[in-house]
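*Asks:* please find the sequence and the predicted model below.
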Amino acid sequence: MAKKATTVLIAGAVIVLMLIGGIAWYVGQRNSLIALDESVNGAWSEVDNQLQRRSDLIPNLVSTVQGFASQEQQVFSDIADARARLAGAQTVSETAEGYERMESALSRLLVVVEAYPELRSNQNFLRLQDELAGTENRVAVARQRYNSSVQTYNARIRMFPASLLAGSLGMTAREYFEVDESVRTVPEVNFD
């Protein structure tokens, strides 16, 4: 009788330990997946902040150029349209498309600037151009961090056994922030 009671106690203890181990695994996996999801959200927030900073600089740059080149209305209109599209973007792909439009419009603006030597020597324009270049670097770093976070997250939710849990939590693959190849080539602008 004592042997049977000991066996039942041992079996009960094993079951309790397995339940505790299973719960601990579940909680650990769930917390890890949530932390990765929040990492992606935080990285996207940084991309969004830098794009907003860039978007805020552009009207000042455009105003400075307009003072010298008021006849270039199409370029200014394209920049305003691209800025509005970027500001209204709801998804990563819409943001990437807005980013591409903005890059294209800014490239055309820089080509316009070439025709105005007095603008190229204007201190306000030079300061704004430097700020914009610095912001472009920040955007590039933020995009890289975001895409790295997305890669880690996407890999984790696809790997077993986390994939079982990720599916039940409604976690799906996140979108990378990718831009068209044409935007990657920097327009050649010569201010000399």
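*Replies:* That came through, no problem.

*Asks:* biggest helix in this structure, by residue count?
*Replies:* Using DSSP state H, we find that the single longest helix of the chain is helix 2-68.

*Asks:* helices or strands up against the next helix or strand along the chain from that helix?
*Replies:* Elements were assigned by DSSP states H and E; along the chain past helix 2-68, the next helix or strand is helix 73-87. With contacts defined as 3 or more Cβ pairs under 8 Å, 6 or more residues apart in numbering; DSSP states H and E, the packing partners of helix 73-87 are helix 2-68, helix 92-114. C-betas here are computed from N, CA, C, even on glycine.

*Asks:* which parts of helix 73-87 are buried?
*Replies:* For helix 73-87, burial by neighbour count (16 or more other Cβ atoms under 10 Å) applies to 75-76, 78-79, 82-83, 85-86.

*Asks:* circling back: now do the longest helix of the chain: which elements does it pack against?
*Replies:* When contacts are defined as 3+ Cβ pairs under 8 Å, 6+ apart, helix 2-68 sits against helix 73-87, helix 92-114, helix 117-120, helix 123-158, helix 162-168.

*Asks:* of those, which is nearest A43?
*Replies:* Across the helices and strands packed on helix 2-68, the minimum distance to A43, taken as Cβ to Cβ, is reached by helix 123-158, at 3.9 Å.

*Asks:* and V14, how many neighbours?
*Replies:* Here the count is done by other Cβ atoms under 10 Å, and V14 has 10 residues near it.

*Asks:* returning to that earlier point: mean pLDDT lowest for which of the helices and strands packed on helix 2-68?
*Replies:* Mean pLDDT across the helices and strands packed on helix 2-68 is lowest at helix 117-120; the value there is a mean of 73.

*Asks:* packing partners for it?
*Replies:* Using 3+ Cβ pairs under 8 Å, 6+ apart as the test, helix 117-120 ends up in contact with helix 2-68, helix 92-114.

*Asks:* can you say which of those helices is packed in most?
*Replies:* With neighbours taken as mean count of other Cβ atoms under 10 Å, the helices and strands packed on helix 117-120 reach their highest mean count in helix 92-114, at a mean of 19.

*Asks:* still on that earlier bit, quick one, which of the helices and strands packed on helix 117-120 gets closest to R138.
*Replies:* Comparison of those against R138 by Cβ to Cβ identifies helix 2-68 as nearest, at 4.6 Å.

*Asks:* so how far is the closest one off the chain centroid?
*Replies:* Shown here is helix 2-68, whose average C-alpha point lies 17 Å from the average C-alpha point of the whole chain (Cα atoms, centre = their mean, to the nearest Å).
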